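[1] turn this into a model:
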Amino acid sequence: MSAVPKRKYTLEEYFDLERKSDARLEYWDGEIFDMSGVDPDHDQIESNLHLRLRLQLEGKPCRVYLANTRIMVPSLPPYRYGDLSALCGEAQYEKIGGIRTLVNPQLIIEVLSDSTEAYDRGDKFSYYKSIPSFCEYLLIAQHRPHVTHYLKQADGRWLQTEYNQLADVVQLVSLDCALTLQEIYEQVRFGETPPHPHLRPLA
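    Okay, the predicted model is just below:
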């Protein structure tokens, strides 16, 4: 992860940049990170997920959000970006810096890369846990068939399940639907590991 060097931004400066930019910019302790830019496999996986979830949730009071949706994270303000997020029921938003931000996601999905995997599995997951409605987390490897599914239990513990066969079925409890790894990885070719531009410094 690369940060803007030798410059500390105020929240007001960050919000002004966010409103004027088409990029996904995240703010951490005075630094701004550009979350934009994905390779074709990452984009294909996101597209597959969005399509399959939208088809299964059609007619239900549920909604699936793409990567540009801001998610309010109480323990790491002001907000983060997941690769996808979803919920069933009424969506709630809060304006932060004049920008509408989703307050109550139930499911958050991250597509992993070498540069983001440790963070997505560790600190970012911990931050997401501060969202009261958050109860399901899906981590999807990009260059091999592997999915990690976390489901929050009634006692607050998180149950972890791993999937690594294309025929495996991931049950998404919060949305009452399911995805096979074959559907998730449709049109994705394995075997090459190109450089991943998911995180890059703001120019």
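
[2] against residue 155, how distant is the residue nearest in space to the middle of the chain?
    Residue closest to the mean C-alpha point of the chain, counted by Cα atoms, centre = their mean, is residue 82 at 2.2 Å. Computed with Cβ to Cβ, to the nearest Å, the distance linking residue 82 and residue 155 is 25 Å. Using the backbone N, CA and C atoms, a C-beta is placed for each residue, glycine as well.

[3] kindly report the same for residue 66.
    Counting by Cβ to Cβ, the gap from residue 66 to residue 155 is 33 Å.

[4] go on, residue 89?
    Distance from residue 89 to residue 155, counting by Cβ to Cβ: 23 Å.

[5] ok, those two, which is more surrounded?
    residue 89 (12 against 5; other Cβ atoms under 10 Å).

[6] is the more buried one in contact with residue 61, as I believe?
    Yes. Under the criterion of Cβ atoms under 8 Å, residue 89 makes contact with residue 61 at 6.2 Å.

[7] how about the residue nearest to the centre of the chain, what does it touch?
    65, 67, 69, 71, 105, 108, 109, 110, 128 (Cβ atoms under 8 Å, 6 or more residues apart in numbering).

[8] let me see the contact set for residue 87.
    Shown in contact with residue 87 (Cβ under 8 Å, 6+ apart): 62, 63, 104, 105, 106, 107, 133, 174.

[9] which among these gets closest to residue 159?
    Residue 159 lies nearest to residue 174 out of those, by Cβ to Cβ, at 13.1 Å.

[10] how about the secondary structure of that closest one?
    Secondary structure, DSSP: H, G, I helix; E, B strand; the rest coil: residue 174 is coil.

[11] gap between it and residue 145?
    As judged by Cβ to Cβ, residue 174 and residue 145 stand 23 Å apart.

[12] in the chain, which helix has the most residues?
    helix 40-57 (DSSP state H).

[13] so after that one, what's the next helix or strand?
    Heading C-terminal from helix 40-57, the first helix or strand you meet, by DSSP states H and E, is strand 62-65.

[14] show me where this structure has helices.
    Remark: helices assigned in the chain by DSSP H are 11-20, 40-57, 117-121, 123-128, 181-184.

[15] can you give me the buried ones in stretch 73-87?
    Neighbour counts over stretch 73-87 (16 or more other Cβ atoms under 10 Å) mark 73, 76, 78, 79, 80, 81, 82, 83, 84, 85, 86, 87 as buried.

[16] where strands are concerned, which of those residues count?
    Judged by DSSP state E, the subset of those located in strands is 79, 80, 81, 84, 85, 86, 87.

[17] picking that back up, can you put the buried residues of stretch 73-87 in a markdown table and add pLDDT and distance to residue 159?
    Output for the buried residues of stretch 73-87, formatted as a markdown table (pLDDT from 0 to 100; distance: Cβ to Cβ, whole Å):
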| residue | pLDDT | distance to residue 159 |
| --- | --- | --- |
| 73 | 96 | 22 |
| 76 | 91 | 24 |
| 78 | 92 | 30 |
| 79 | 94 | 27 |
| 80 | 93 | 23 |
| 81 | 93 | 26 |
| 82 | 94 | 20 |
| 83 | 95 | 22 |
| 84 | 97 | 21 |
| 85 | 98 | 20 |
| 86 | 98 | 19 |
| 87 | 98 | 20 |
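
[18] thanks a lot, catch you later.
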